[in-house]
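Visitor: Everything below, folded, please.
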Amino acid sequence: MIKLRSKRFSRSSSKLGNGGGNSGAAATNGGGEIKWELRPGGMLVQKRENQENSDEEVMITVRVSTVSKWHDISVQATSTFGELKILLSLLTKLEPEEQRLLFKGKEREDDEHLHMVGVKDKDKVLMLEDPAIKEKKKLLGLTRTRVTIGSPYHTISV
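Guide: From the prediction side, this is the model:
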């Protein structure tokens, strides 16, 4: 096991030009020893001090823009684009399979997390209707109207 100690770097009071004083003592009083952690990928990083918010999920507001409207949606930062599509389906009446979400010019997959691709508070996501499904709807709409109109040939009995 490797134990790392960090060195503190502080300027001496003679370099700061204060001619003595407590400036060097103030620099060494704060904090303590720097703590390190090993990330799953093997990277050694400085441990974060602000851990009190780790239990609470951070909520962000995402502005989703459609062709004619926009919606402000508050979601957790760790949500996926699939979960965002489910929320949008309640507002837009489009099923999640019919939606395409674009962020920074790229279409995002349902299993991608918002915070992993860089979505922050007040960022804009573009929602488009999938053109292939849109065409299928049009074709099904045309065939339904033909069926409801009925056949031009009728049998008349007297």
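
Visitor: where's residue 89, which helix or strand?
Guide: Secondary structure from DSSP states H and E places residue 89 in helix 81-92.

Visitor: That helix: what's the following helix or strand?
Guide: Downstream of helix 81-92, the first helix or strand assigned by DSSP H and E is strand 99-103.

Visitor: Quick check: can you name the pairing partners of that next one and their directions?
Guide: With DSSP bridges as the test, strand 99-103 is paired with strand 106-107 (antiparallel), strand 124-129 (antiparallel).

Visitor: what's the average pLDDT for it?
Guide: For strand 99-103, mean pLDDT is 93.

Visitor: what sits against residue 114?
Guide: Counting by Cβ atoms under 8 Å, 6 or more residues apart in numbering, residue 114 touches 60, 62, 75, 77, 78, 79, 80, 81, 84. For every residue, glycine as well, the C-beta is placed using N, CA and C.

Visitor: Could you let me know which of those ends up closest to residue 92?
Guide: The closest of the contacts of residue 114 to residue 92 turns out to be residue 84 (Cβ to Cβ; 11.7 Å).

Visitor: Please consider this matter closed, and thank you.
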